[in-house]
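> fold the following and give me the result.
(one chain, ligands or ions: 1)
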Amino acid sequence: MNPIELSFEFFPPKTQEGIDKLRATRAELVSLKPKFVSVTFGAGGSTQQGTLDTVIDMAKEGLEAAPHLSCIGSSKESLRAILGEYRAHGIRHIVALRGDLPSGMGAFGELRYASELVSFIRAEFGDWFWIEVAGYPEYHPQARSPRHDLENFARKVKAGANSAITQYFFNADAYFRFVDDARQLGVDVPIVPGIMPITNFSQLMRFSEMCGAEVPRWIARRLESFGDDRESIRAFGLDVVTDLCRRLVDAKVPGLHFYTLNAAASTRAICDRLGV
Ligand code: FAD
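Numbers count the residues shown, from 1 in each chain. From the prediction side, this is the model:
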């Protein structure tokens with residue numbers, strides 16, 4: 001097995017129990033020597049302190065920790081302040097997103113798209129940050145058309161992103177096609193596939209519905225047939241996602257970014273099976 005760069009995504013816990021669980025998860029995953037870990041951010045700043053605290057906690061352990069930052073619903077002033085705080089803490093890696101407005105929150109803020117956030121970060125902070133952006137092999141659910149979405153992706157990269165992480169997918173061909181199409185548009189940065197381990201059928205279907213990722217019928221039907229048998233769901237999910245990762249690794253993708261949902265077991269099992 002070729003060496004492959006791994007990264008792990010976490011969300012900021014809200015309770016002491018959640019903080020303890022995340023520390024245990026991290027302790028189990030650090031032995032896989034991730035290139036970096038990332039911490040999500042609630043649009044409009046709802047997890048601002050939690051994201052900062054979690055990132056600092058991880059950085060203290062010597063991990064390269066990248067906070068996510070979304071611009072929707074935020075002012076330039078507040079984004080500048082958050083970015084300044086990260087810089088003051090020596091954080092140099094960031095995942096720049098538009099985000100989604102929480103229901104009931106009306107104002108879009110001053111920056112409408114991730115491309116504008118990337119331009120803003122470059123204008124205000126120069127090359128201090130290594131900037132990741134999001135890509136959508138199965139297209140963003142609000143995209144006007146696949147072509148328009150690809151052009152927006154290329155615009156966002158050209159605004160100054162260093163690298164991209166994709167939404168999760170279970171159809172490797174969608175990813176390969178997306179990368180080819182992006183290259184045609186002059187995107188030359190690494191496009192790292194996002195990997196979602198399968199552990200819970202209803203949660204997976206809910207997430208996928210929201211973010212526009214397709215769960216192929218053969219996978220959904222099999223998972224559904226297991227009912228409450230969590231062990232069978234886990235075992236089948238492990239087979240499916242490991243096969244997907246193996247195909248991606250064989251195709252020499254630049255890395256694998258795992259959506260861990262703050263749990264170590266599935267990510268760990270997939271990496272062990274891959275031999276990374
Ligand atoms: P954009 O790149 O701005 O695109 C959003 C939509 O607008 C697309 O349909 C695009 O085609 C369209 N668009 C872009 N530019 C233009 C333009 N100039 N004119 C017209 N249309 C345009 N969400 C969170 O809230 N917190 C997180 O921490 C978080 N982390 C994520 C990490 C990854 C790796 C991924 C893949 C997603 C993450 N998300 C997160 C979800 C993300 O915020 C949503 O998918 C959001 O709806 C889009 O964000 P974006 O940065 O991709 O937006």
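> let's verify D127: helix, strand, or coil?
Secondary structure state of D127, per DSSP: H, G, I helix; E, B strand; the rest coil, is coil.
> and it, how many residues sit next to it?
Burial of D127 is recorded as 11 neighbouring residues (other Cβ atoms under 10 Å). From N, CA and C alone the C-beta is placed, and that goes for glycine too.
> would you mind measuring from it to the ligand?
D127 sits 21 Å away from the ligand, taking Cβ to the nearest ligand atom, to the nearest Å as the criterion.
> and for A134?
Using Cβ to the nearest ligand atom, we find A134 at a distance of 3 Å from the ligand.
> got it, and I191?
11 Å.
> quick check: bridge partners of that residue?
Beta-bridge partners of I191, counted by DSSP bridges, are A164.
> my guess is it contacts A161, does it?
No: I191 is beyond contact range of A161, at 10.5 Å (criterion: Cβ atoms under 8 Å).
> now the longest helix seen in the chain: average pLDDT?
Looking across the chain with DSSP state H, the single longest helix is helix 230-250. Regarding helix 230-250, the rounded mean pLDDT is 98.
> elements contacting it?
Under the contact criterion of 3 or more Cβ pairs under 8 Å, 6 or more residues apart in numbering; DSSP states H and E, helix 230-250 touches helix 172-184, strand 191-195, helix 217-225, strand 256-259, helix 265-274.
> how about those in CSV, adding mean pLDDT?
As requested, the helices and strands packed on helix 230-250 are arranged in CSV below (pLDDT from 0 to 100):
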stretch, mean pLDDT
helix 172-184, 98
strand 191-195, 98
helix 217-225, 98
strand 256-259, 98
helix 265-274, 97
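> which residues in this protein form strands?
Remark: strands assigned in the chain by DSSP state E are 6-10, 36-39, 65-70, 93-97, 130-135, 163-168, 191-195, 256-259.
> the first one near the ligand at all?
No: Strand 6-10 lies apart from the ligand when judged by Cβ under 6 Å from any ligand atom; the minimum separation is 6.9 Å.
> can you list the strands that that strand pairs with?
Applying DSSP bridges, one finds strand 6-10 paired with strand 36-39 (parallel), strand 256-259 (parallel).
> centre of the chain versus stretch 207-221, how much separation?
Using Cα atoms, centre = their mean, to the nearest Å, the mean C-alpha position of stretch 207-221 is found 17 Å from that of the whole chain.
> no, scratch that, I was asking about stretch 128-135
That offset, for stretch 128-135, works out to 11 Å (Cα atoms, centre = their mean).
> residues contacting that stretch, please?
38, 66, 83, 86-87, 92-97, 114, 118, 121-122, 153, 156-157, 160-167, 178, 182, 191 (Cβ atoms under 8 Å, 6 or more residues apart in numbering).
> cool, stretch 115-123 as well?
Stretch 115-123 is touched from outside by 69-71, 76, 79, 83, 94, 96-98, 111, 129, 131, 133, 152, 155-156, 159-161, with contacts defined as Cβ under 8 Å, 6+ apart.
> pretty sure A220 contacts M205?
Yes: the pair A220 / M205 is scored as a contact, 6.9 Å apart, by Cβ under 8 Å.
> which parts of the protein sit against the ligand?
40-41, 43, 68, 70, 95, 97-100, 113-115, 134, 140, 142-143, 148-149, 152, 156, 165, 167, 194, 211.
> buried ones from those residues, can you make that a PyMOL selection?
Buried subset of the residues of the chain next to the ligand, written as a PyMOL selection, criterion 16 or more other Cβ atoms under 10 Å:
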select buried, resi 40+41+43+68+70+95+97+98+99+100+113+114+115+134+140+143+149+152+156+165+167+194
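> ok, now which ones touch the residue lying closest to R234 once chain neighbours are set aside?
Leaving aside its chain neighbours, R234 sits nearest to T199 (5.8 Å; criterion: Cβ to Cβ, 6 or more residues apart in numbering). Contacts for T199 (Cβ under 8 Å, 6+ apart) come out as R230, I233, R234, G237, L261, A263, S266.
> and the residues you listed, which are buried?
With burial judged by 16+ other Cβ under 10 Å, the buried subset of the contacts of T199 is I233, R234, G237, L261, A263, S266.
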